[in-house]
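Asks: return a 3D structure for these sequence lines:
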Amino acid sequence: MAFREIIGQKNVINWLKSAFAKDRLASAYLFSGPEGIGKTTVAINFAKFLNCHSPKDGDACEKCSNCVKINANTHPDVIVIQGEVIKIEQIRFLEQTLSLKPFIAKKRVVIIKQAENMTLEAANAFLKTLEEPPLNTILILTTSHKYQLLPTIVSRCQMVIFKPLPLKIIQEILEKKGVDKTKAFFFASLSQGSLGKALRFLEEEIDFNWIYDLVEKISIIKTWKGLNSILEKTKDLENFEKLLDFYQALWRDILLIKYQCEDFLINKELIDNYRKIASTISLSEIKDILIAIEQIKRWLKQNVSKETLLEYLVLKRWY
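Replies: Now for the predicted structure:
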């Protein structure tokens, strides 16, 4: 894949190309935006663009030795650091590598994926690298939660904002993959502008019936009875996050019903159910629920227990 094949981030790509053409490349960039919208893809292709032996029409050739090695993840000077927890040992090893000259690259590129996953010790160690960036090296950090990064790290990077993709584009991509129009629209709407998230919905062949069941339980529950059933079906974090995404989409649709904007519903098959619920709840209550879901998503990133988050959601719905 080259720059020309990346969907939805044309402005970012042109901005990076312009900085290169004007010889104004920063030593460190922070690619910030929602998960699954192409931050890492752009970073890797930027590495190819900077090191391609035979660039053509402002893009990498995809055929030279540098392009081939980068595509195969075997280039010694394109370093990707990642992990659910990025430890200080990984940063120390990086520092040792950066103390050497690049092996074959014109510009060595270091990509730290989801940089907010760095431990405090790792982040503080990495600050030293940012303060004294090595020659012929570009550091690229990606993040979906920039406010979880140390402010001193953020301040030493050139911020590059990645915007969510238009839902119409995501729907069109899914339809080209053979997804029927109704399901493509549904997945695109749930994706929140993230092509990566929409493709995961597709690849995992998600059965949303159990999510409907859980949403129904949460919508009708007025006591703590039934919470165990919900927790049982959302044992892993990923399922719980899907539940929240789906629940948020449902209440968004109910809000649209209140505003008489039925043409924009994500799931029109539930319109009768939506109307029943909308008739029993005020606009301010719906907005409170949507705000609560956003709060829960933030707390989830801070490892607050699912039990506590569900209790908060039930309280917001009924008290």
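Asks: average pLDDT for stretch 171-190?
Replies: Per-region confidence: stretch 171-190 scores 85 on mean pLDDT.
Asks: so who does residue 148 touch?
Replies: For residue 148, the contacting residues are 116, 301, by CB atoms under 8 Å, 6 or more residues apart in numbering. All C-beta spots, glycine's among them, are computed from the backbone N, C-alpha and C.
Asks: make it 10 Å
Replies: 114-118, 123, 298, 301-302 (CB atoms under 10 Å, 6 or more residues apart in numbering).
Asks: of those residues, which belong to helices?
Replies: Counting by DSSP state H, the part of those found in helices is 123, 298, 301.
Asks: of these, keep whichever come out buried.
Replies: residue 123 (16 or more other CB atoms under 10 Å).
Asks: can you tell me the helix or strand for residue 127?
Replies: In this assignment (DSSP states H and E), residue 127 forms part of helix 120-131.
Asks: what comes up buried for that helix?
Replies: 122-123, 125-126, 129-130.
Asks: do stretch 176-189 as well
Replies: In stretch 176-189, counting by 16+ other CB under 10 Å, buried: 179, 184-189.
Asks: any idea which of the residues you listed is closest to residue 39?
Replies: residue 188 (19.4 Å; CB to CB).
Asks: how about the contacts made by the closest one?
Replies: Taking CB under 10 Å, 6+ apart, one finds 165-175, 179, 194-195, 197-198, 201, 266 in contact with residue 188.
Asks: tell me where the stretch 101-250 of the chain has strands.
Replies: Counting by DSSP state E, counting those that start in this stretch, one finds strands in the stretch 101-250 of the chain at the ranges 108-112, 137-143, 158-161.
Asks: gap between the residue nearest to residue 167 when sequence neighbours are not counted and residue 251?
Replies: Computed as CB to CB, 6 or more residues apart in numbering, the closest residue to residue 167 that is not its neighbour in sequence is residue 188, at 4.7 Å. From residue 188 across to residue 251, the span is 18 Å (CB to CB, to the nearest Å).
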